[in-house]
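Novice: mind looking at a prediction? Sequence and model below.
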Amino acid sequence: MEPGRQLRSRTTPIPGLLLFELPVHGDDRGWFKENWHRTKMLDAGLPDFGPVQNNISFNAARGTVRGIHAEPWDKFVSLASGRIFGAWVDLREGQTFGTLFTAELTPQDAVFVPRGVGNAFQTLDDDTAYTYLVNDHWSAEAQKEYTFLNLADEEVAVRWPIPLEKSIVSAQDRKHPRLGDVVPMQERRTLVLGADGQLGTALRHAFSGDATAEFASRAQFDITVEDSYEALNWRNYSTIINAAAFTAVDAAETPEGRAAAWSINSAAVSRLAHTAVEHSLTLVHVSSDYVFDGTTEVHHEDEVPTPLSVYGQSKAAGDLAVSTVPKHYTVRTSWVVGDGKNFVRTMASLAVKGAAPSVVDDQRGRLSFAADIAAGIHHLLRSKAPYGTYNLSNSGEAKSWYEVARDIYGLQGVDPDLVQPISTSDYAKPITAPRPPSSVLDLSRIRATGFDPPDARERLAVYLKGLEL
């Protein structure tokens, strides 16, 4: 490819299967081409699939046929010499299952073959060298996950230029099943960790219509235990959503809590990040307003972390680990409200009893309802928003905890004046972690992706109606 020249690609009837034209520069010595150029391939629409192995299939005779094999990884195919007739069949679960596409390839052509698309070729010249990059390593175990289709399947009906009976075909390739007997390759799955927590429960609802979503409680997958990682075949996953966290902010200030916070929020997150990089996964990680000291009135995604507490420090360290993953979403939120014990439920219960609580009035922010955080995460993944960090709380007026408590009392039909303001410094507890005075998050970046977080007070009214106290 000449410097600055844009690579040309074209789509096919099979989703994700892309053809490329690779400029070949020849003279009396032979020819030269750039067989793989990551930047130019990305500019031409190729996914950043992260090849880890390069293979060459040399075929001495014209009429050699290999396939039809659908492998559990992506492939980038090109030729070093000769010509082939390529045949690709979609063997993935979905509406395009069984779709056929064929094309002739020479050294100036290449094709990107997504995971689950059956790949086959017939050589049209002697001494044909067929090369391909893959984004996972071959192994005997991996080969067990292949999906095969018979070269002579009558329904797909590949029109081979050289009849199969006159071709060189392995005995194994002649025995593959017909289309009607093929079990389609399933899509890679999304693994939701911490699925038994407030956010995890909301994620179950948000992804309830997604057949590829898989949910794991801490008992099923403990992110701090090495065996959890070894037990999974990561080739079958595309995305990890980490909703697991140590969230006991005050307990993190104790020796035992400090160790737990760093183990779960930092060390384990680093292990997840390593796994995501190693297997080219998308990692979604939930962060916190506590990574900031709150001296800035409104926090933007690019603000440098300045945590005050042990909890905030452990979360900031986890965020840094996640930032090393090429495909990541760090979703930073604040004042989370979901199922289980939380501030809103506590205040609503006190309101029913006619109690007069003292609530801090010098910490400001917005509530973040777990259902809306989960919806935002679902949106980022389904819309394929640019990777990076996104603030995600509910919208509307920023309020103090005291003002939120008054809203709760009022919405419950109880006199808001029962709620008394108190400063953070006067709020006595045995162990109290320092809190940021401002937890207000700027929401412009996530809004730019097409997701507009609902108003916090409107969501509060709906949430209170559904409470059983």
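Specialist: Sure thing, it's come through. These figures come from a predicted structure and were not determined experimentally.

Novice: residue contacts, V298?
Specialist: Contacts for V298 were tallied using CB atoms under 8 Å, 6 or more residues apart in numbering; they are 438, 440-442. From N, CA and C alone the C-beta is placed, and that goes for glycine too.

Novice: kindly report the same for P434.
Specialist: Applying CB under 8 Å, 6+ apart, the residues contacting P434 are 308-309.

Novice: and the closest residue to L149 other than its chain neighbours, what element?
Specialist: Nearest non-adjacent residue to L149, counting by CB to CB, 6 or more residues apart in numbering: I68, 4.2 Å away. If you go by DSSP states H and E, I68 is part of strand 64-70.

Novice: could you list every helix and strand in contact with that strand?
Specialist: If you count contacts as 3 or more CB pairs under 8 Å, 6 or more residues apart in numbering; DSSP states H and E, strand 64-70 packs onto strand 84-90, strand 117-123, strand 147-148, strand 168-169.

Novice: what do you get if the cut-off is 6 Å, keeping everything else the same?
Specialist: Packing contacts for strand 64-70, counted by 3 or more CB pairs under 6 Å, 6 or more residues apart in numbering; DSSP states H and E, involve strand 117-123.

Novice: hey, C-alpha coordinates of the strand it packs on in PDB?
Specialist: Backbone C-alpha positions of strand 117-123 (Å, rounded to 0.1, in the frame of the first residue of the first chain) are rendered in PDB as follows:
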ATOM      1  CA  VAL A 117     -18.400 -18.200   9.300                       C
ATOM      2  CA  GLY A 118     -17.500 -21.400   7.500                       C
ATOM      3  CA  ASN A 119     -14.400 -21.000   5.400                       C
ATOM      4  CA  ALA A 120     -13.400 -23.200   2.400                       C
ATOM      5  CA  PHE A 121     -11.300 -22.800  -0.700                       C
ATOM      6  CA  GLN A 122     -10.300 -24.600  -3.900                       C
ATOM      7  CA  THR A 123      -6.900 -23.900  -5.500                       C
END
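
Novice: report the buried residues of the helix or strand just after that strand.
Specialist: Of the helices and strands lying after strand 117-123 in sequence (DSSP H and E), the nearest is strand 128-134. Neighbour-count burial for strand 128-134 flags 128, 130-134 (criterion: 16 or more other CB atoms under 10 Å).

Novice: could you do stretch 345-365 as well?
Specialist: For stretch 345-365, burial by neighbour count (16+ other CB under 10 Å) applies to 345, 347-348, 350-351, 359-365.

Novice: can those go into a markdown table with extra columns for secondary structure?
Specialist: Shown next, in a markdown table, are those (DSSP: H, G, I helix; E, B strand; the rest coil):
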| residue | secondary structure |
| --- | --- |
| R345 | helix |
| M347 | helix |
| A348 | helix |
| L350 | helix |
| A351 | helix |
| V359 | strand |
| V360 | strand |
| D361 | coil |
| D362 | coil |
| Q363 | coil |
| R364 | strand |
| G365 | strand |
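
Novice: for R204, pull up the helix or strand it's in.
Specialist: Judged by DSSP H and E, R204 forms part of helix 198-206.

Novice: residues contacting A268?
Specialist: A268 sits next to 223-224 when contact means CB atoms under 6 Å, 6 or more residues apart in numbering.

Novice: show me which of the buried residues of stretch 345-365 is closest to N242.
Specialist: Distance to N242, by CB to CB, is smallest for G365 among those, at 22.5 Å.

Novice: wait, that closest one sits on T333?
Specialist: No: counting by CB atoms under 6 Å, G365 stays clear of T333, with 10.2 Å between them.

Novice: circling back to that earlier point, reformat the buried residues of stretch 345-365 as CSV; add pLDDT.
Specialist: What follows is the buried residues of stretch 345-365, written out as CSV (pLDDT from 0 to 100):
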residue, pLDDT
R345, 93
M347, 94
A348, 94
L350, 95
A351, 94
V359, 93
V360, 93
D361, 93
D362, 92
Q363, 94
R364, 95
G365, 96
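
Novice: before we move on, back to that, how about JSON lines for the contacts of V298, with neighbour count added?
Specialist: Conversion of the contacts of V298 to JSON lines gives the following (neighbours: other CB atoms under 10 Å):
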{"residue": "S438", "neighbour count": "21"}
{"residue": "V440", "neighbour count": "21"}
{"residue": "L441", "neighbour count": "29"}
{"residue": "D442", "neighbour count": "16"}
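
Novice: filter those residues down to the ones in strands?
Specialist: Using DSSP state E, no member of the contacts of V298 falls in strands.

Novice: which of these sits closest to K144?
Specialist: L441 (46.6 Å).

Novice: tell me the contacts of that closest one?
Specialist: 299, 334, 391, 393.

Novice: does it have beta-bridge partners, and which?
Specialist: L441 has these beta-bridge partners by DSSP bridges: H299.

Novice: pLDDT at it, what is it?
Specialist: Looking at L441, its pLDDT is 97.

Novice: where's it relative to A456, distance?
Specialist: Counting by CB to CB, to the nearest Å, the separation of L441 from A456 is 12 Å.

Novice: what secondary structure does A371 sit in?
Specialist: A371 - assigned by three-state DSSP - is helix.

Novice: name the nearest residue to it, sequence neighbours excluded.
Specialist: Nearest one to A371, counting by CB to CB, 6+ apart, is A202 at 4.8 Å.

Novice: each with direction, which strands does the strand holding I68 pair with?
Specialist: Strand 64-70 has these strand partners (DSSP bridges): strand 117-123 (antiparallel), strand 147-148 (antiparallel), strand 168-169 (parallel).

Novice: out of these, which gets nearest to R235?
Specialist: That would be strand 147-148 among the strands paired with strand 64-70, by CB to CB, at 13.5 Å.

Novice: average pLDDT across the closest one?
Specialist: 94.

Novice: give me the contacts around that strand.
Specialist: Counting by CB under 6 Å, 6+ apart, 70, 91, 176, 185 sit against strand 147-148.

Novice: ok, now which ones touch R178?
Specialist: Contacts of R178 by CB under 6 Å, 6+ apart are 150, 153.

Novice: one more time with 8 Å, if that's ok
Specialist: Contacts of R178 (CB under 8 Å, 6+ apart): 149-150, 153-155.

Novice: what about it, distance to H274?
Specialist: In terms of CB to CB, R178 sits 42 Å off from H274.

Novice: now A110
Specialist: With distances taken as CB to CB, A110 is found 31 Å from H274.

Novice: ok, these two, which is more surrounded?
Specialist: A110 (25 against 14; other CB atoms under 10 Å).

Novice: wasn't that one part of a strand?
Specialist: Yes: using three-state DSSP, the assignment for A110 is a strand.
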